[in-house]
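> Next comes the sequence, and after it the predicted model I'd like to discuss.
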Amino acid sequence: MEFDVIVVGAGLAGLVATAELANAGKKVLLVDQEPESSLGGQAWWSFGGLFLVDSPEQRRLGVKDSYELAWQDWIGTAGFDREEDEDYWAKKWAEAYVRFATEEKREWLYAKGVRFFPVVGWAERGGYLAEGHGNSVPRFHIVWGTGPGIVKPFEDQVRAAITKGLVAYKPRHQVEELISTDGVVTGVRGSVLVPSSAQRGEVSSREVIGEFEYLARAVIVTSGGIGANHDLVRENWPERLGAPPKKMISGVPEHVDGRMLAITEKAGGRLVNKDRMWHYTEGIKNWNPVWKDHGIRILPGPSSIWLDAEGKRFPAPYFPGFDTLGTLEAIQKTGYDYSWFILTEKIIEKEFALSGSEQNPDLTGKSIKQVLKRILPGPTAPVKAFMDKGEDFVVANNLADLVSGMNKITGENLLNLEHIERQLKARDREMDNKFTKDLQITALRGARNYIGDKLIRVASPHKILDAKNGPLIAVRLNIVTRKTLGGLQTDLSGRVLNASGNPVPGLYAAGEVTGFGGGGVHGYRSLEGTFLGGCIFTGREVGRAVAKE
């Protein structure tokens, strides 16, 4: 037998697992349907946020965090309610992951050369009670170098192992079947695809030029989720989130199609929590797309006014950056697939960041000089490009022109000037005192008690309709698909389980294909910074377990 282990999928989880196996001296075959230009998968495109607990970065900013507080937040966010079945292993993975994020994760990554931006972000702020959804404190640590910065150390390890002859990497190899012999998964077979010059993220040909079959002692599936397969997203869409969107944009390249889920299920693996998914509500169409329906997510601060398609302000706690899926449910129940932000230039210059490595060239390029320019007046260059060229943006000097432009974008004429003006004036009246009944104003004032938010993330509270804060800006927000929260059920060694709860011999999985651990480590909701971290942790644990076994 030429290989000890076959890894299917060269994204972050696959690279980490391969690196761990090679470190243990195992011979590994790494196969992927995409060309080599896409090595690293979705992680390369990411903003590079990682969930860490009680880190030096937090402590320097005066943030008091602990395992107990993080676990309280995780449990309150996940809402595990299938603990005797589909959530059984997911919860065990969750507990192990939060422990990893508290005790070893940063030190382990730091030893590999990973560094972090000094200001910790506060994602998914919740807005409920102490035991409800959300991060009680900032935990979103941005990797210096964003997505490419977190991919690089593991890619370097794998390339070094290739040079040593421990790893064979075969791009353009699309797995069609997992081979089973007497009930044991012993290999893979599939199609060799035509060589492709497609750049990272671009669609690549599915023309078949040959076949392959490889055998090994174990197979690890690390093939990702379903985010670009909108038909599959709609098929699994939960009723609790309303009707599935008729129109969505994609936060992931077209090859993120979920095909290996069905292939692994056919080999005996069990899919659980298929109705759990993570899609963003603040999506804008990329004016310079790389893939079909390419969407970019706005990472908003808390000050923008969020309106539904008919111009009605969303109630608490559906404020920007507080509860992604709660707001998604609220949007879908309006009967429309989009919503609006209204804000000022003072807000956009401080509170708008765009998710993705390519939208943050200063952080991705590790340029301190360019990062420092973020404190200058005006939006960042990538945000300004969307303001000038993006089809979802309206900029106007007065509210009448703004609302007219918003109606022009949709062509539906749903927005009434007087209705929107009344709500904005009512909100602005609440700014005259340091106290207020408007919970969004209370929240943004509270956010500025955190020095990180005050410095670079939350604008000084001000009146939206005061001309000195203008011009006014409106942004149409689309639903942008992203992560699969359910997946293959695995035990803590990454062994894929069958319908009876027993391991499928020879078959393992890691990363998003497992719902980032156990078939759904996040439960119903994520605390953010936990997707890359989930790929790293599951890839590491599964790689080590397979090497040992």
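That came through, no problem.
> Could you name the helices and strands sitting against the helix or strand of the chain with the lowest mean pLDDT?
In the chain, no helix or strand scores lower on mean pLDDT, DSSP states H and E than helix 368-372, which sits at a mean of 87. The elements that helix 368-372 packs onto, with contact taken as 3 or more Cβ pairs under 8 Å, 6 or more residues apart in numbering; DSSP states H and E, are helix 361-364. Yep, even glycine has a C-beta here, placed from its N, CA and C like the rest.
> Now do the helix it packs on: distance to the chain's middle.
Mean-position distance between helix 361-364 and its chain equals 18 Å (Cα atoms, centre = their mean, to the nearest Å).
> With stretch 287-303 instead?
12 Å.
> In three-state terms, label residue 150 for me.
helix (DSSP: H, G, I helix; E, B strand; the rest coil).
> got the contact list for it?
Going by Cβ atoms under 8 Å, 6 or more residues apart in numbering, residue 150 touches 12, 43, 46, 48, 50, 109, 114, 143, 532, 536.
> and if you look at residue 439?
127, 316-317, 319 are the contacts of residue 439 under Cβ under 8 Å, 6+ apart.
> Now stretch 153-161: buried residues?
Buried residues in stretch 153-161, counting neighbours by 16 or more other Cβ atoms under 10 Å, are found at 153-155, 157-158, 161.
> Just the ones of those residues in helices?
The helices, defined by DSSP state H, take in 153-155, 157-158, 161 from the buried residues of stretch 153-161.
> before we move on, back to that, can you tell me which of the buried residues of stretch 153-161 is closest to residue 273?
Closest approach to residue 273 among those (Cβ to Cβ): residue 154, at 27.0 Å.
> Neighbours of the residue nearest to that closest one when sequence neighbours are not counted, how many?
Nearest non-adjacent residue to residue 154, counting by Cβ to Cβ, 6 or more residues apart in numbering: residue 15, 4.1 Å away. Here the count is done by other Cβ atoms under 10 Å, and residue 15 has 32 residues near it.
> Can you classify the nearest residue to residue 384 once chain neighbours are set aside by secondary structure?
Once flanking residues are discounted, residue 384 sits nearest to residue 378: 7.1 Å by Cβ to Cβ, 6+ apart. Three-state call for residue 378 (three-state DSSP): coil.
> In contact with residue 378: list those residues for me.
If you count contacts by Cβ under 8 Å, 6+ apart, then residue 378 has 345, 349, 384 around it.
> Would you mind giving both backbone torsions of the last one?
To tie it back to what came earlier, the one meant is residue 384. phi -60, psi -40 (degrees, to the nearest 10).
> And the host helix or strand of residue 74, what does it pack against?
Using DSSP states H and E, residue 74 falls within helix 67-78. If contacts are counted by 3+ Cβ pairs under 8 Å, 6+ apart, helix 67-78 sits against helix 88-103.
> Next, the buried residues of the helix it packs on.
Residues of helix 88-103 classed as buried by neighbour count (16+ other Cβ under 10 Å): 88-91, 93-98, 100-102.
> likewise stretch 350-368?
350-360, 362-364.
> Repeat that for stretch 49-69.
Quick answer for stretch 49-69 (16+ other Cβ under 10 Å): 49-55, 57-58, 61, 63, 65, 69.
> what about that stretch, distance to the chain center?
20 Å.
> Send over it as PDB, restricted to the C-alpha atoms.
The C-alpha trace of stretch 49-69 is given here as PDB (Å, rounded to 0.1, in the frame of the first residue of the first chain):
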ATOM      1  CA  GLY A  49     -10.600  36.100  12.700                       C
ATOM      2  CA  LEU A  50      -9.900  33.600  15.500                       C
ATOM      3  CA  PHE A  51     -11.800  33.000  18.800                       C
ATOM      4  CA  LEU A  52      -9.400  33.200  21.700                       C
ATOM      5  CA  VAL A  53     -10.100  33.300  25.400                       C
ATOM      6  CA  ASP A  54      -8.100  35.300  28.100                       C
ATOM      7  CA  SER A  55      -5.400  36.200  25.500                       C
ATOM      8  CA  PRO A  56      -2.600  38.700  26.100                       C
ATOM      9  CA  GLU A  57      -4.300  41.000  23.500                       C
ATOM     10  CA  GLN A  58      -7.500  41.000  25.600                       C
ATOM     11  CA  ARG A  59      -5.700  41.600  28.800                       C
ATOM     12  CA  ARG A  60      -3.800  44.500  27.400                       C
ATOM     13  CA  LEU A  61      -7.100  46.100  26.500                       C
ATOM     14  CA  GLY A  62      -8.600  45.600  29.900                       C
ATOM     15  CA  VAL A  63     -10.800  42.700  28.900                       C
ATOM     16  CA  LYS A  64     -11.400  40.100  31.600                       C
ATOM     17  CA  ASP A  65     -12.200  36.800  30.100                       C
ATOM     18  CA  SER A  66     -12.200  33.200  31.300                       C
ATOM     19  CA  TYR A  67     -13.000  29.600  30.300                       C
ATOM     20  CA  GLU A  68     -16.100  29.800  32.500                       C
ATOM     21  CA  LEU A  69     -17.400  33.000  30.800                       C
END
